[in-house]
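S.K.: what's the 3D shape of this:
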Amino acid sequence: MTMQRPPPSAPPPPMSLFAEGVARRATMVANTREGYATPLHAHDCDMLFVPVAGRFDVVDARGEAMQSAPGDFVWFAAGAAHATAAQTLRQTHVAVYIDPDFWSTALRANGVQRPPQGMRAGSAALAMLSQKMLEVARAGAGADSDNGAVYCGALIMEAARLSANPLLQERRTPARMVAQALADAIVADLSQALPLEAFALRHRLSRRQVERSFRAEFGMSPLAFQQVQRADRARYLLATTSDSVLSVAQQVGWESGSYLARVLQKTWALTAAEIRNAALPRP
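M.R.: This is a model prediction of the structure:
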């Protein structure tokens, strides 16, 4: 009897050169640690610092501080010393570490020549990409690494495009200060209802003015921001405490554990038990 040779297996689908290049020449780190601070240090690569929530003091080697917040991004060249400290207890940011040659290529592709390093205004696209990268990071080992590489590459290209714009010196406009004050009030007590009416009255503004300023600063409505912060806090509590699902839900302002379960499934495709199991120390 003649043995038939099995048909050759199909070759794996090719990875796009763009995604492959990004995967090899840039990496992303998402950080949500409370009280985040780093001493003066430098990297052997370029770095993009993109705030997602909270406010930061970013200090360069000369001791000059930049006050960065969502809506900004900071670029430091390889070897440039810097220190960072969150000015709010809770914070979220994305840091992208890039091979210097790759960053130079991205700049040239956008027609940008020798931009000075420092802080610049971001864009709605940059905010959306940083949120997508954050979602991939939260998903952990099961995340779609190809999508993560594409988001990373797209963020690098958008930051390179924005690097043609002038540096921000001080951008503490009244509207921005109002938006940041509301964000701080929301994060300070997530168990409370959105304090929008009382906040607007206290600042002698209309609710619509406050909402418009907030959306311009954070790229989302105050209610959407509160929901994102509640979900992040709930996941943190599930991973670090033994509180019941109902207790965690109530601590972040939701009345039922079933609603929290739906949020976890919609946001990360995870259950409370899966979050807790992932947080357990491995033998």
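S.K.: Give me the next element, helix or strand, following the worst-scoring helix or strand of the chain on mean pLDDT.
M.R.: One helix or strand of the chain scores below all others by mean pLDDT, DSSP states H and E: helix 17-25, with a mean of 54. Once helix 17-25 ends, the next helix or strand along the chain (criterion: DSSP states H and E) is strand 26-31.
S.K.: so what's Ala83 up against?
M.R.: Contact partners of Ala83, counting by C-beta atoms under 8 Å, 6 or more residues apart in numbering, are 37-41, 58-59. For every residue, glycine as well, the C-beta is placed using N, CA and C.
S.K.: all helices in the stretch 51-200 of the chain, in order from the N-terminus.
M.R.: 100-109, 124-139, 145-162, 174-188, 196-202 (DSSP state H, counting those that start in this stretch).
S.K.: Show me which positions of the fourth one end up buried.
M.R.: Burial within helix 174-188, assessed by neighbour count using 16 or more other C-beta atoms under 10 Å, is assigned to 175-176, 178-180, 182-183, 185-187.
S.K.: average pLDDT for that helix?
M.R.: The average pLDDT within helix 174-188 is 81.
S.K.: The first one too?
M.R.: Helix 100-109 shows a mean pLDDT of 93 in the predicted model.
S.K.: do the second one as well
M.R.: Taken as a whole, helix 124-139 has a mean pLDDT of 83.
S.K.: same question, the third one
M.R.: Confidence over helix 145-162, taken as the mean pLDDT, stands at 86.
S.K.: Next, count neighbours for Ala159.
M.R.: 28 (other C-beta atoms under 10 Å).
S.K.: Sorry, slip of the keys, the one I care about is Asn110.
M.R.: As a burial measure, Asn110 scores 17 neighbours (other C-beta under 10 Å).
S.K.: got it, and Ser256?
M.R.: 12.
S.K.: Look up which helix or strand the closest residue to it other than its chain neighbours falls in, please.
M.R.: For Ser256, ignoring the flanking residues on the chain, the nearest one in space by C-beta to C-beta, 6 or more residues apart in numbering is Ala249 at 6.1 Å. Using DSSP H and E, Ala249 sits within helix 245-251.
S.K.: And the helix or strand just after that helix, how far out from the chain middle?
M.R.: Toward the C-terminus, helix 245-251 is succeeded by helix 257-268 as the next helix or strand (DSSP H and E). Centre-to-centre, helix 257-268 and its host chain are 20 Å apart (C-alpha atoms, centre = their mean, to the nearest Å).
S.K.: which of the residues in helix 257-268 are buried?
M.R.: 257, 260, 263-264, 267-268.
S.K.: Mind putting the contacts of Ala83 into TSV with distance to Ala137?
M.R.: Supplementary listing: these in TSV, determined by distance: C-beta to C-beta, whole Å:
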residue	distance to Ala137
Ala37	20
Thr38	18
Pro39	24
Leu40	26
His41	22
Val58	21
Val59	25
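S.K.: out of those, who has the most neighbours?
M.R.: Val58 (21 neighbours).
S.K.: isn't it right up against Val74?
M.R.: Yes: with contacts counted by C-beta atoms under 8 Å, Val58 reaches Val74, the gap being 5.4 Å.
S.K.: Return every residue with contacts to both of those two.
M.R.: Common contact partners of Val58 and Val74 (C-beta under 8 Å, 6+ apart): 49, 66, 68, 119.
S.K.: Lowest pLDDT pick from these?
M.R.: Minimum confidence in the shared contacts of Val58 and Val74 sits at Met66, scoring 83.
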